[in-house]
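> the following block contains a protein sequence and its predicted model.
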Amino acid sequence: MSNPADKPEVVQLPAEPPIAAPVSHRRIAAQRVREARDRLTSTSGTRPAFDRELLRQYVQTRISASYVVMLLVVATGLLFGFWVEPVSAAAWTCGMLCIHAVVIRNCARFLAESPSVTATRKWRTRFILLDLLYGMCWTAILIHPTSSDVVSNTLMMFLMLLVIAVSSMLAASLPIAALAVTVPVTSAIALNFVLSGTFDNYVLAGLALAAEAYFALLAHRLHSTTLATLEARAEKDALIGELEQAKSISDEARHRAEAANVAKSRFLAQMSHELRTPLNAILGFSEVMKSEIFGDHAVPVYKEYSADIHNSGVHLLNLINEILDLSRIEAGRYELNEEAVSLVHVVADCHHLLKLRASSRGITIHEVFEHGMPRIWGDERATRQIVLNLLSNSIKFTPQGGEIWLKVGWTASGGQYLSVKDTGSGIAEDEIPIVLASFGQGSNSIKSAEQGAGLGLPIAKSLIDMHGGTFTLKSKLRIGTEVIVTFPPERVMSALAPMAEEAPPLQPETASTGTADDKRRARNRPIMNAGTGL
């Protein structure tokens with residue numbers, strides 16, 4: 001009698017160690033080299049492209065605020081016309097408007113010119129000089145001799161703050177230009193207040209210098225924010241470019257892989273026929289020669305050679321079949337022929353097929369099956385191949401006198417599992433991902449006399465994955481290996497409970513006016529005699 005199978009302990013396979021991506025390191029190194037080169041070729045310490053973009057933003061700001069500046073100049077000229085001679089105020093207003101027109105014209109020319117590093121430096125110097133001239137003109141009107149009363153000082157202070165604020169905002173993308181506009185105005189106003197010699201004017205001079213420092217710091221912060229925005233946008237554009245390049249490379253690699261896969265499928269489809277045809281002849285003729293059907297060999301060694309040829313041909317045919325099965329699975333062309341399969345019967349049949357091979361090596365196989373297990377919905381051929389691959393591997397790597405346990409039972413979730421455990425040499429923990437890969441072999445497999453192609457475990461894992469199950473491999477060196485495959489509960493064909501309701505009558509009851517005895521006799525009448533009068 002078989003004992004109830006133990007519940008399997010499902011463990012996760014060890015994950016492959018993370019591999020450092022050399023592409024990221026190369027990208028960081030290239031970025032550092034590019035930044036160092038840009039700083040060497042830039043006049044402001046940033047990238048040349050950023051210099052051009054900052055200058056472009058400065059130009060666009062000056063053009064968009066041109067009407068505001070003109071309104072400020074005209075209003076200032078009209079206001080100062082009440083304190084100074086109207087002719088001088090009108091002359092200053094015309095001069096300021098001319099300078100402003102020159103600045104706007106140069107801004108338009110800058111936008112129309114093709115970008116270059118030399119042209120950017122030239123335009124940057126030109127705009128700084130124009131802003132310096134612009135600030136000197138504001139200084140000329142603000143320090144014009146007027147009365148030294150409180151109203152005049154307040155008006156002068158107000159206009160100075162207004163000019164500094166507007167100029168700092170307009171030239172925030174070019175901090176040197178902002179300083180070229182505001183420093184002459186602030187210095188002249190502060191000096192004018194200091195030369196007056198009163199305490200109130202000293203306080204106004206200090207306020208003027210503090211305002212200059214505040215707006216200079218504000219312009220610097222605005223410049224830093226704008227530069228950070230440009231850097232973020234450049235990084236985003238670079239990342240988008242890299243993603244597009246990676247996508248194009250990936251698409252090209254995918255097309256090449258698909259073409260290679262098609263070529264491989266065609267090669268295997270053609271070579272399978274080309275290989276199997278001569279193999280069948282080799283197997284057939286070697287079988288005839290080994291069996292000595294047409295007479296005994298004159299030399300007995302020829303019989304042994306014929307057996308070796310036949311065994312080699314069988315091994316080669318099995319290898320070709322495994323390669324073809326794996327290629328169909330990887331290509332997604334392996335179709336499951338699903339039907340009701342008894343997992344216990346399949347395992348028992350596979351044990352019977354390999355029992356002679358295990359007995360010749362002195363290996364004992366124990367069966368531990370649970371009773372009354374229902375069938376599962378799956379592919380019987382695939383299930384049989386899974387069991388044969390696992391059991392043949394255990395027999396291959398179990399030494400003489402070892403033991404193998406075959407277990408079939410229920411999983412904790414209601415599915416069914418198969419466990420193949422041996423007392424073989426085991427597999428190192430770091431070699432488990434290798435043996436589960438196609439054509440992968442561990443060190444013990446390479447040292448073994450019975451080497452294979454390394455396709456048994458990958459084929460078994462792929463087939464159980466197609467059934468929606470799990471594949472778990474546990475092994476320790478010099479202790480043994482256990483492989484557990486599970487079928488999900490959805491594939492277990494549980495028996496249906498009987499229906500509680502009564503079955504409908506085979507014949508519909510006809511309305512009749514007969515007595516109860518007649519109805520009882522008609523109900524008990526045999527079906528085959530109904531309507532015959534018997």
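Noted; the coordinates are in hand.

> let me see the ranges of the helices in the stretch 151-300 of the chain.
175-196, 199-291 (DSSP state H, counting those that start in this stretch).

> oh, I was asking about the stretch 351-500 of the chain
Using DSSP H, counting those that start in this stretch, the helices assigned to the stretch 351-500 of the chain run over residues 380-397, 432-435, 443-447, 456-466.

> out of these, which comes closest to Val203?
Smallest distance to Val203 across the helices of the stretch 351-500 of the chain (CB to CB): 79.1 Å, for helix 432-435. C-betas here are computed from N, CA, C, even on glycine.

> against which helices or strands is the closest one packed?
For helix 432-435, the packing partners by 3 or more CB pairs under 8 Å, 6 or more residues apart in numbering; DSSP states H and E come out as strand 470-476.

> got the buried residues for the strand it packs on?
Thr470, Phe471, Thr472, Leu473, Lys474, Ser475 (16 or more other CB atoms under 10 Å).

> same check, this time on stretch 220-230
So for stretch 220-230, counting by 16+ other CB under 10 Å, buried means Leu222, His223, Thr226, Leu227, Leu230.

> how far does it sit from its chain's centre?
Distance of stretch 220-230 from the chain centroid (CA atoms, centre = their mean, to the nearest Å) equals 33 Å.

> returning to that earlier point: which one among the buried residues of stretch 220-230 gets closest to Glu292?
Set against Glu292, the nearest of the buried residues of stretch 220-230 by CB to CB is Leu230 (89.9 Å).

> show me the shaky parts of the stretch 151-300 of the chain.
Counting by pLDDT under 70, the ranges of the stretch 151-300 of the chain that qualify are 151, 265-266, 268-273.

> of the buried residues of stretch 220-230, which pair is most distant in space?
The span of the buried residues of stretch 220-230, defined through CB to CB, is set by Leu222 and Leu230 at 12.7 Å.

> any idea how far Ala232 is from Ser173?
For Ser173, the distance to Ala232 equals 16 Å [CB to CB, to the nearest Å].

> how close does the residue lying closest to Met157 once chain neighbours are set aside sit to Ala190?
Once flanking residues are discounted, Met157 sits nearest to Leu204: 5.9 Å by CB to CB, 6 or more residues apart in numbering. As for Leu204, its distance to Ala190 is 8 Å (criterion: CB to CB).

> for the stretch 51-200 of the chain, which segments count as strands?
Taking DSSP state E, counting those that start in this stretch to define them, one finds no strands in the stretch 51-200 of the chain.

> so what's Ala165 up against?
Residues in contact with Ala165 (CB atoms under 8 Å, 6 or more residues apart in numbering) are Phe215.

> thought Phe110 was touching Leu55?
Yes. Counting by CB atoms under 8 Å, Phe110 does reach Leu55; the two are 7.2 Å apart.

> quick check: neighbours shared by these two?
Trp123.

> and the pLDDT for Pro18?
The model reports Pro18 with a pLDDT of 46.

> can you tell me which of the helices of the stretch 151-300 of the chain is most buried?
helix 175-196 (a mean of 21; mean count of other CB atoms under 10 Å).

> what about Met70, how many residues nearby?
The tally of other residues near Met70 (other CB atoms under 10 Å) stands at 16.

> coming back round to it: correct me, but the residue nearest to Met157 touches Asn192?
No. Counting by CB under 8 Å, Leu204 does not reach Asn192; the two are 9.4 Å apart.

> hmm, back to that, could I get the buried residues of stretch 220-230 in JSON lines, plus columns for distance to Asn106?
Output for these, formatted as JSON lines (distance: CB to CB, whole Å):
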{"residue": "Leu222", "distance to Asn106": "22"}
{"residue": "His223", "distance to Asn106": "21"}
{"residue": "Thr226", "distance to Asn106": "21"}
{"residue": "Leu227", "distance to Asn106": "23"}
{"residue": "Leu230", "distance to Asn106": "23"}
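
> what is the neighbour count of the residue lying closest to Val69 once chain neighbours are set aside?
Sequence neighbours aside, His100 is the residue nearest to Val69 in space, at 5.8 Å (criterion: CB to CB, 6+ apart). Residues contacting His100 under the criterion other CB under 10 Å number 19.

> tell me which element Gly313 is part of?
helix 301-330 (DSSP states H and E).

> got the angle between that helix and helix 380-397?
Interaxial angle, helix 301-330 versus helix 380-397 (axes from the mean of the first three to the mean of the last three CA atoms, to 10 degrees): 130 degrees.

> which strands and helices sit next to helix 301-330?
helix 199-291, helix 456-466.

> how far does the longest one sit from its chain's centre?
Translated: helix 199-291. Taking the mean of its C-alpha atoms, helix 199-291 sits 10 Å from the chain's own mean (CA atoms, centre = their mean).

> ok, now which ones touch Ser494?
By CB under 8 Å, 6+ apart, Ser494 lies in contact with Pro374.

> ok so, going back, would you mind measuring from the residue nearest to Met157 to Ala188?
Distance from Leu204 to Ala188, by CB to CB: 13 Å.

> same thing with Ile320?
Between Ile320 and Ala188 the computed distance is 97 Å (CB to CB).

> list the contacts of Leu132.
Ala180, Val181, Pro184 are the contacts of Leu132 under CB under 8 Å, 6+ apart.

> now render the residues you listed as a markdown table, adding distance to Ala340.
Shown next, in a markdown table, are the contacts of Leu132 (distance: CB to CB, whole Å):
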| residue | distance to Ala340 |
| --- | --- |
| Ala180 | 91 |
| Val181 | 90 |
| Pro184 | 97 |
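
> returning to what we had before: hang on, the residue nearest to Val69 packs against Leu71?
No. Between His100 and Leu71 there is no contact under CB under 8 Å: 11.0 Å.

> which neighbours do those two have in common?
Common neighbours of His100 and Leu71, counting by CB under 8 Å, 6+ apart, are absent.

> circling back: how about the helices of the stretch 351-500 of the chain in a markdown table, adding mean neighbour count?
What follows is these, written out as a markdown table (neighbours: other CB atoms under 10 Å):
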| stretch | mean neighbour count |
| --- | --- |
| helix 380-397 | 22 |
| helix 432-435 | 18 |
| helix 443-447 | 14 |
| helix 456-466 | 20 |
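
> mean pLDDT and distance to Glu274 added to those helices, as JSON lines?
Formatted as JSON lines, these follow (pLDDT from 0 to 100; distance: least, CB to CB, whole Å):
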{"stretch": "helix 380-397", "mean pLDDT": "89", "distance to Glu274": "24"}
{"stretch": "helix 432-435", "mean pLDDT": "82", "distance to Glu274": "31"}
{"stretch": "helix 443-447", "mean pLDDT": "55", "distance to Glu274": "29"}
{"stretch": "helix 456-466", "mean pLDDT": "87", "distance to Glu274": "23"}
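
> make TSV from these and add distance to Leu78 to it.
Converted to TSV, those look like this (distance: least, CB to CB, whole Å):
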stretch	distance to Leu78
helix 380-397	96
helix 432-435	85
helix 443-447	96
helix 456-466	86
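
> and of those helices, who's closest to Asn106?
helix 432-435 (67.3 Å).

> chain center to that closest one, what's the gap?
With CA atoms, centre = their mean, you get 24 Å for helix 432-435.

> can you check stretch 60-72 too?
That offset, for stretch 60-72, works out to 49 Å (CA atoms, centre = their mean).
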